[in-house]
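Peer 1: quick one, structure for this:
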Amino acid sequence: MANPSTLRTPPHSDEAEQGVLGSILLDAATGDSRVMDLCTEHGITEESFFAPSHRLLFETLTEMSRAAMSIDPVTLNERLRAMNRLDEVGGPAMLQQLIDRTPTAAHAEYYINILRQKHLLRKVIACSRDAERRCYDEAVSADLILGEVEQQFLSIADRREGTGVNWPQAITNTMAHIERLFSLGKGAVAGLPTGLANLDKKLKGLRNGEMIVLAARPSMGKTSLAMNIAECVALGRDINGNPMKGDHNRPHGVGVFSLEMSTESLAMRMLCGMAGVPAFQIDQGVINPKRVNQQLTRAASDLGKAPIYCDDTGGLDVMDMRARARRMKKRYKIELIVIDYLQLCNCREFAKQGRQIETSQISGQIKAMAKELNLPVIVLSQLSRAPEQRGDASHKPKLSDLRDSGAIEQDADVALLLRRPCKAPKDPEFDDKRLAIVDVAKHRNGPTGEVRLDFDDTLTRFGDRRDAANEADGFEPPRA
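Peer 2: I've put the predicted structure just below:
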């Protein structure tokens, strides 16, 4: 016996659908396109109409409007006749009924709102039925289904109306932001400081909505650099332990998706780095516990209070990651996300279409996540072997070396390519074991160029390097 709920008629309103179509015809007859513009503004498409004849009529009216054709019952009638689809809408009599049943186009916005509400209800029902169907698929994990269903429902909400800020408000907000930077003086950053002054000079901080790609060959220290930044942001202190400038002198929530290392391994690395104690000496038992206990205790006290939230689930699907990040933002108010690393993410929907297409989709989803949550996302990425095969003595990487897909460099707002000269035997600076170079190869909102840092291999910790190559000219507003 059929479920009674499946026999119900989906939510719709014939009167509202006819009112919208009749208003378009009445409005167009006066030489105006206000109603059609209102439909576009509220996201009305042919799918918003329940009756097939009404869908066909709206689709035809939209095509005529885009082609700048005159719209009235006669031209619409001829258009449908030329397409051999006039009978599908009920013939000429139906077109005349639309006008007769619509007294005025002044109430068009009211009809459009009813139409939109009914369409939203049908989409919610469709998503619910799809979720129910997916729950009976035993081959898929419940966590993955939950993430995908959550994303489907939120995508319905996101498309209800445009969420963009109007232009005058955008200008006002931008001027307020500029005035805040001026008030902070020289050296102020526009986004979250990284805690590394040399890097902040180039980037001016990590900006909301941006995808920052940090790429390197294995064992160059990209995870260490990302976690050093996460530590500074979470504690509100720079890499030397000094309070950050301005309103960044406070803890900021950081979400970490560690697909490669466990949470305990990250905690061990961060704790030893902050305490100044080599982790390998602890593992080998060659260090005196009494001598370093005070340092470790002090570091543990600080890091234990840091608002860092780590998810070390391996092989995470990117849609599930977006759902988890959304919950982190809502529950913990995180202001930065770190993903380690992109090539370990999966995209179940495109997994069978090749790794290049799958990686492209993963990159696009991470960029969409940054915009949706309005926070910076640092995503680590592997580089191909091309830097080592080009014959370049310094093994200097390029954007084209990003592994698996060119979509990564396209989606990235900032691309940081990390290398260490001591790993390239023929590099002129091979003997400088502490030197690490971050090449800002792409910067959508600022300059590119190299940033020189110090890297302590025993502590897996970066620091600011003081040399002539890091000197940069600052900008000061013109004086009155």
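Peer 1: need the three-state assignment for the residue of the chain positioned farthest from its centre.
Peer 2: The C-alpha centroid of the chain is most remote from residue 93, which lies 50.6 Å away (C-alpha atoms, centre = their mean). Following DSSP: H, G, I helix; E, B strand; the rest coil, residue 93 is assigned to helix.
Peer 1: please tell me how far it sits from residue 77.
Peer 2: Per C-beta to C-beta, to the nearest Å, residue 93 is found 10 Å from residue 77. (C-beta placed from N, C-alpha, C; glycine too.)
Peer 1: how about the contacts made by the nearest residue to residue 244 once chain neighbours are set aside?
Peer 2: In this structure, residue 244 finds its nearest non-sequential neighbour in residue 193, 5.1 Å apart by C-beta to C-beta, 6 or more residues apart in numbering. Contacts for residue 193 (C-beta atoms under 8 Å, 6 or more residues apart in numbering) come out as 200, 205, 206, 232, 233, 238, 244, 245, 248.
Peer 1: likewise for residue 79?
Peer 2: Contacts for residue 79 (C-beta under 8 Å, 6+ apart) come out as 60, 64, 69.
Peer 1: and residue 10, how many neighbours?
Peer 2: 11 (other C-beta atoms under 10 Å).
Peer 1: let me redo that: residue 135
Peer 2: A total of 13 residues lie near residue 135 under the criterion other C-beta under 10 Å.
Peer 1: ok, now which ones touch the closest residue to it other than its chain neighbours?
Peer 2: Distances taken as C-beta to C-beta, 6+ apart place residue 145 nearest to residue 135, at 6.4 Å, with adjacent residues excluded. Counting by C-beta under 8 Å, 6+ apart, residue 145 touches 131, 134, 135, 137.
Peer 1: I'd assumed residue 344 was in contact with residue 315.
Peer 2: Yes - under the criterion of C-beta atoms under 8 Å, residue 315 makes contact with residue 344 at 6.9 Å.
Peer 1: between the two, which is the more surrounded one?
Peer 2: Counted by other C-beta under 10 Å, residue 315 and residue 344 do not tie: residue 344 has more neighbours, with 17 against 8.
Peer 1: in this structure the more buried one contacts residue 314, no?
Peer 2: Yes - Residue 344 lies in contact with residue 314 (C-beta under 8 Å); the separation is 7.4 Å.
Peer 1: so who does residue 317 touch?
Peer 2: If you count contacts by C-beta under 8 Å, 6+ apart, then residue 317 has 144, 147, 345, 346, 347, 348 around it.
Peer 1: bridging residues for the fourth one?
Peer 2: Just to be clear, that refers to residue 346. Applying DSSP bridges to residue 346 yields these beta-bridge partners: residue 317.
Peer 1: and it, how far from residue 315?
Peer 2: From residue 346 to residue 315 the distance is 6 Å (C-beta to C-beta).
Peer 1: before we move on, what about the last one?
Peer 2: Separation of residue 348 from residue 315 (C-beta to C-beta): 10 Å.
Peer 1: joint contacts of the two?
Peer 2: Counting by C-beta under 8 Å, 6+ apart, nothing touches both residue 348 and residue 315.
Peer 1: ok, of the contacts of residue 193, which come out buried?
Peer 2: 200, 205, 206, 232, 233, 238, 244, 248 (16 or more other C-beta atoms under 10 Å).
Peer 1: need phi/psi at the residue lying closest to the fourth one once chain neighbours are set aside.
Peer 2: Right, residue 232. In this structure, residue 232 finds its nearest non-sequential neighbour in residue 195, 2.5 Å apart by C-beta to C-beta, 6+ apart. For residue 195, the backbone dihedrals (degrees, to the nearest 10) come out as phi 90, psi -10.
Peer 1: circling back to that earlier point, would you convert the contacts of residue 193 into CSV that also reports pLDDT?
Peer 2: Output for these, formatted as CSV (pLDDT from 0 to 100):
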residue, pLDDT
200, 87
205, 86
206, 89
232, 91
233, 91
238, 88
244, 84
245, 79
248, 80
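Peer 1: looking at the buried ones among the contacts of residue 193, which is nearest residue 33?
Peer 2: residue 206 (43.7 Å; C-beta to C-beta).
Peer 1: beta partners for that closest one?
Peer 2: Bridge pairing for residue 206 - DSSP bridges - gives residue 192.
Peer 1: for residue 195, see how far away it is.
Peer 2: Distance of residue 206 to residue 195, given as C-beta to C-beta: 10 Å.
Peer 1: for this protein, what's the longest helix?
Peer 2: Secondary structure of the chain per DSSP state H: the longest helix is helix 108-135.
Peer 1: those helices in the stretch 251-400 of the chain, which residues are they?
Peer 2: 263-275, 279-284, 289-304, 318-332, 355-373, 386-389 (DSSP state H, counting those that start in this stretch).
Peer 1: where does the prediction get shaky in the stretch 151-300 of the chain?
Peer 2: Within the stretch 151-300 of the chain, the stretches with pLDDT under 70 are 157-167, 170, 177-178, 180-188, 283-286, 288.
Peer 1: please redo it, this time with the cut-off set to 50
Peer 2: In the predicted model, the stretch 151-300 of the chain carries pLDDT under 50 at residues 161-163.
Peer 1: show me where it has strands.
Peer 2: For the stretch 151-300 of the chain, strands defined by DSSP state E, counting those that start in this stretch occupy the ranges 211-216, 253-258.
Peer 1: what about those strands, which gets the closest to residue 462?
Peer 2: Checked against C-beta to C-beta, the stretch from these lying closest is strand 211-216, at 11.7 Å.
Peer 1: angle of the closest one against helix 355-373?
Peer 2: Note on geometry: by axes from the mean of the first three to the mean of the last three C-alpha atoms, to 10 degrees, strand 211-216 and helix 355-373 are set 140 degrees apart in direction.
Peer 1: note down every partner strand of strand 211-216 and its orientation.
Peer 2: By DSSP bridges, strand 211-216 pairs with strand 377-382 (parallel), strand 414-419 (parallel).
Peer 1: in TSV: those, plus mean pLDDT.
Peer 2: Shown next, in TSV, are those (pLDDT from 0 to 100):
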stretch	mean pLDDT
strand 377-382	91
strand 414-419	91
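Peer 1: export the ones you listed to a markdown table and tack on distance to residue 37?
Peer 2: As requested, the strands paired with strand 211-216 are arranged in a markdown table below (distance: least, C-beta to C-beta, whole Å):
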| stretch | distance to residue 37 |
| --- | --- |
| strand 377-382 | 36 |
| strand 414-419 | 38 |
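Peer 1: just the pLDDT at residue 339, thanks.
Peer 2: What the model reports for residue 339 is a pLDDT of 92.
Peer 1: swap in the one 4 residues further on?
Peer 2: Predicted confidence (pLDDT) for residue 343: 84.
Peer 1: about what we covered before: distance to residue 108 for the helices of the stretch 251-400 of the chain - can I get that in JSON lines?
Peer 2: Listed next are the helices of the stretch 251-400 of the chain as JSON lines, based on distance: least, C-beta to C-beta, whole Å:
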{"stretch": "helix 263-275", "distance to residue 108": "56"}
{"stretch": "helix 279-284", "distance to residue 108": "68"}
{"stretch": "helix 289-304", "distance to residue 108": "59"}
{"stretch": "helix 318-332", "distance to residue 108": "36"}
{"stretch": "helix 355-373", "distance to residue 108": "32"}
{"stretch": "helix 386-389", "distance to residue 108": "58"}
